[in-house]
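Asker: need a structure here:
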Amino acid sequence: MTSPEAPRTALVVGASGITGSAIVSQLLEDGGWRILALSRRAPAAHPQVEHVAADLRDAADLARALGGTGVTHVFFTAWSRQDTEAENIRVNGGMVRDLLAALSAEPVQHVALVTGLKHYLGPFEAYAAGEMPDTPFHEDEDEDRLDTPNFYYEQEDELFAAAARAGFTWSVHRSHTVIGHAVGNAMNMASTLAVQAALCKRLDRPFVFPGSETQWNGLTDMTDAGLLAEQMLWAATSPAGADEAFNIVNGDVFRWRWMWPRLAAHLGVEPEGFDTEPRPLEQQMAGVEGTWAELVAEHGLVEADLSRVASWWHTDGDLGRDIEVVTDMSKSRLAGFTGYRRTLDAFTAIFDRLRAERIVP
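Answerer: Just a heads-up that it's a prediction; the model follows:
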């Protein structure tokens with residue numbers, strides 16, 4: 001491990017995304033880091049953050065951009081959604097492989113990789129289709145991977161192989177649904193629900209829960225991006241976090257029938273719960289682009305492209321599940337990570353920030 005006096009250079013891969021931007025903020029708060037932010041788009045300008053522009057799907061471009069950077073710690077948060085899981089495996093596994101190859105001559109100490117609970121549930125195209133571990137999900141059942149192709153497994157295998165060759169330590173962080181602050185993220189339930197509420201208010205509609213009866217009545221949990229960033233930094237700098245996979249959720253559990261009216265109250269809309277069958281947002285919000293354009297013009301909002309602030313498909317997928325998803329956090333608690341978030345507070349803090357930055361009215 002690096003000594004306290006030695007320079008520490010963090011490379012945040014996917015730095016403009018929901019998790020990557022939270023890691024950048026966490027590193028700035030921690031202090032003592034040189035921060036390299038690798039992304040296609042430059043993240044919010046900050047004098048202590050150096051933007052690295054590189055194509056994660058181009059090995060030569062990565063080698064050009066990263067050679068000689070002196071990276072000591074890598075935080076890999078990026079992924080590229082493909083049409084099939086076979087393509088997800090090829091593309092996303094390849095991005096991890098090529099990035100770590102480009103850093104093979106650098107003094108890398110630790111690589112932290114974000115995956116998720118689809119490690120236990122299966123990928124989108126085979127989601128919860130076969131036998132799964134019982135809930136709550138435990139990391140010590142790790143050796144029993146699902147018998148279905150999964151790009152998370154490919155990413156892990158590329159990470160393990162590179163660590164064996166180069167001698168760095170690693171950590172894997174399996175989050176549930178991540179909520180945070182990032183415009184343009186394809187999977188952010190917090191901004192999606194804030195936008196849904198703004199449109200419902202404008203159209204004089206109730207704030208209708210889009211999901212299943214199981215999700216409405218059953219227990220679930222979530223992951224705040226800031227807490228995920230805290231765990232990744234802890235694992236990257238603590239001996240107890242080395243060469244381990246950790247679940248990461250907020251630490252509380254809730255039922256959507258409890259959460260939904262409280263979110264509605266904060267957003268100023270009338271809640272309506274599950275009734276007979278799911279009512280997906282892709283159907284509820286069909287054809288609202290013109291209404292969003294009106295809100296943008298009237299309130300001077302900063303993002304006119306509705307698809308960059310709301311991802312109906314992803315929230316429908318999460319809330320439409322007909323299975324219970326609850327996650328055990330004992331492993332990292334016992335190892336010394338004690339971070340916690342109350343999910344209701346995480347939602348309302350994000351809603352307030354979205355309003356303050358004129359992303360929603």
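Asker: so, low pLDDT: which residues of the chain?
Answerer: 1-6, 41-45, 124-131, 141-143, 184-186 (pLDDT under 70).
Asker: would you state the strands of it in chain order?
Answerer: Counting by DSSP state E, the chain has these strands, from start to end: 8-13, 33-38, 49-52, 73-76, 110-116, 169-175, 178-179, 207-208, 219-220, 223-224, 244-248, 254-255, 271-272.
Asker: so which elements touch the fourth one?
Answerer: The criterion is 3 or more Cβ pairs under 8 Å, 6 or more residues apart in numbering; DSSP states H and E, and the helices and strands that strand 73-76 contacts are strand 8-13, helix 85-102, strand 110-116, helix 225-237. Every residue, glycine included, has its C-beta placed from N, CA and C.
Asker: what do you get for the fifth one?
Answerer: Using 3+ Cβ pairs under 8 Å, 6+ apart as the contact test, the elements touching strand 110-116 are strand 73-76, helix 151-166, strand 169-175, helix 225-237.
Asker: out of the helices and strands packed on strand 73-76, flag the one nearest residue 199.
Answerer: helix 225-237 (23.8 Å; Cβ to Cβ).
Asker: adding mean neighbour count and distance to residue 179, write the helices and strands packed on strand 73-76 out as a markdown table.
Answerer: Output for the helices and strands packed on strand 73-76, formatted as a markdown table (neighbours: other Cβ atoms under 10 Å; distance: least, Cβ to Cβ, whole Å):
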| stretch | mean neighbour count | distance to residue 179 |
| --- | --- | --- |
| strand 8-13 | 25 | 19 |
| helix 85-102 | 20 | 22 |
| strand 110-116 | 24 | 13 |
| helix 225-237 | 25 | 7 |
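Asker: now the strands of the chain as a markdown table including distance to residue 322?
Answerer: Formatted as a markdown table, the strands of the chain follow (distance: least, Cβ to Cβ, whole Å):
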| stretch | distance to residue 322 |
| --- | --- |
| strand 8-13 | 34 |
| strand 33-38 | 38 |
| strand 49-52 | 42 |
| strand 73-76 | 31 |
| strand 110-116 | 19 |
| strand 169-175 | 21 |
| strand 178-179 | 22 |
| strand 207-208 | 18 |
| strand 219-220 | 12 |
| strand 223-224 | 21 |
| strand 244-248 | 22 |
| strand 254-255 | 15 |
| strand 271-272 | 20 |
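Asker: picking that back up, looking at the helices and strands packed on strand 110-116, spot the one closest to residue 356.
Answerer: Once the helices and strands packed on strand 110-116 are compared by Cβ to Cβ, helix 225-237 is nearest, at 16.4 Å.
Asker: now the nearest residue to residue 330 once chain neighbours are set aside: how far from residue 155?
Answerer: Nearest residue to residue 330, sequence neighbours excluded (Cβ to Cβ, 6 or more residues apart in numbering): residue 138, at 7.7 Å. To residue 155, residue 138 is 20 Å away according to Cβ to Cβ, to the nearest Å.
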